[in-house]
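Student: Just to be clear, the model below is a prediction. Sequence and coordinates:
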Amino acid sequence: MPEDRRFITFEGIDGSGKTTQMRLLGKRLRARGRDVYETVEPGGTAVGQQIRRILLDSTNQDLRPTAELLLYFASRAQNLEQCIVPALRAGRVVLCDRFTDSTLAYQGYARGLGAGTVLALDRIACRGLSPDLTLLIDVDVDTGLARMRARNANGTAGETRLDDEPREFHRKVRDAYLVIARENPGRIRVIDGRGAPEEVAARVWENMQDHV
Ligand code: TMP
C-alpha cells in the first residue's frame, strides 16, 4: 500500500453494515501481512467512550445540536492525538468506523448546522488530517432502518438516541452522504451495501485493489 493510502474511513447510514465491513477488511489486510489499527468514532479512546455514552444515551433527548456537534469533535480530537496519528506515524494502516463525513452528513446537513461550521471545527480538531480513502457503504433508508431495529432488539439498547430519529432524518443523512461523495470523487468510493456481508466485502475489496 503506498504511503499516502493508510488512513481509511468507513461511512454510511445507521444499519448500513459499515462496521462489519471494516472488520472484514481489517481481517483481509492482516492476512496479507498489514499492520492494521481499527478504531471508531465516537469512541476509540477511554475518554471517547465516555463521550460516546453521553451522545448515544436515549435519555439525553435535550442535548442541543451545537453541544452534540462539539462532543463529536471532542471525541475525534482525543482519538486523533492519542491513537490515530501515532498509529499512522508508526506506519500502521488505520481503519476508522466513521469520521468527519459523518458529522457533515448528520450535524451539517440533517441537523442543519451547515457544512461551513463542521469544516471549521474539523480544522481545529483534525488539524489538516483527512482520510486518504473513504468507503461509503450505501443502502436505502428502509434497509438501514430494518437492520438497525433488528440490532437494537438484540441488545444494543441504550445507544439509541439517534436511531430514534424519524425516517426523514435518516433520508436526509443518506442524501447528504451521496452529495458529499459526488463532491469528493477522488477520495470517496460508494459501495452498494445490499446483500450478504461477504458479497459487500467483495465489492469493498475490488475498490481496494489500487490501494493494497
Ligand atoms: P455508530 O452506530 O455507527 O457507532 O454511530 C453512532 C451514531 O452517531 C450514529 O447514529 C451516527 C452518529 N454520528 C453523528 O451523528 N455524527 C458524527 O460525527 C458521528 C461520528 C456519528
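Tutor: Looks like it arrived, so ask away.

Student: wait, what's in contact with the residue most central in space within the chain?
Tutor: Nearest residue to the geometric centre of the chain (C-alpha atoms, centre = their mean): residue 98, 1.3 Å. With contacts defined as C-beta atoms under 8 Å, 6 or more residues apart in numbering, residue 98 is in contact with 9, 10, 11, 18, 40, 41, 42. No exception for glycine: its C-beta is placed from N, CA and C like everyone else's.

Student: Just checking, which helix or strand of this protein averages the lowest pLDDT?
Tutor: None of the helices or strands of the chain scores lower by mean pLDDT, DSSP states H and E than helix 141-153, at a mean of 89.

Student: show me where pLDDT drops low in this protein?
Tutor: Residues of the chain meeting the criterion pLDDT under 70: 1-5, 155-158, 210-212.

Student: Could you rerun that using 90?
Tutor: Under the criterion of pLDDT under 90, the regions of the chain flagged as low confidence span 1-5, 58, 148-166, 208-212.

Student: biggest helix in it by residues?
Tutor: In the chain, assigned by DSSP state H, the helix with the most residues is helix 167-183.

Student: what does the least confident helix or strand of the chain rub up against?
Tutor: Under the criterion C-beta under 8 Å, 6+ apart, residues 12-17, 139, 159-160, 163, 167, 170-171, 174, 193-194 lie in contact with helix 141-153.

Student: residue boundaries of the strands in this structure?
Tutor: Read by DSSP state E, the chain holds these strands, from start to end of the chain: 7-11, 36-40, 93-97, 133-138, 188-192.

Student: Make CSV from these and add mean neighbour count and distance to residue 115 to it.
Tutor: As requested, these are exported to CSV (neighbours: other C-beta atoms under 10 Å; distance: least, C-beta to C-beta, whole Å):
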stretch, mean neighbour count, distance to residue 115
strand 7-11, 25, 15
strand 36-40, 20, 23
strand 93-97, 22, 20
strand 133-138, 23, 16
strand 188-192, 19, 15
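
Student: what's near enough to touch the nearest residue to residue 97 once chain neighbours are set aside?
Tutor: Counting by C-beta to C-beta, 6 or more residues apart in numbering, residue 97 lies nearest to residue 40, which is 4.1 Å off, once chain neighbours are set aside. Under the criterion of C-beta under 8 Å, 6+ apart, the contact partners of residue 40 comprise 19, 96, 97, 98.

Student: check the residues you listed against the ligand, which are close?
Tutor: Residues of the contacts of residue 40 in contact with the ligand (C-beta under 6 Å from any ligand atom): residue 98.
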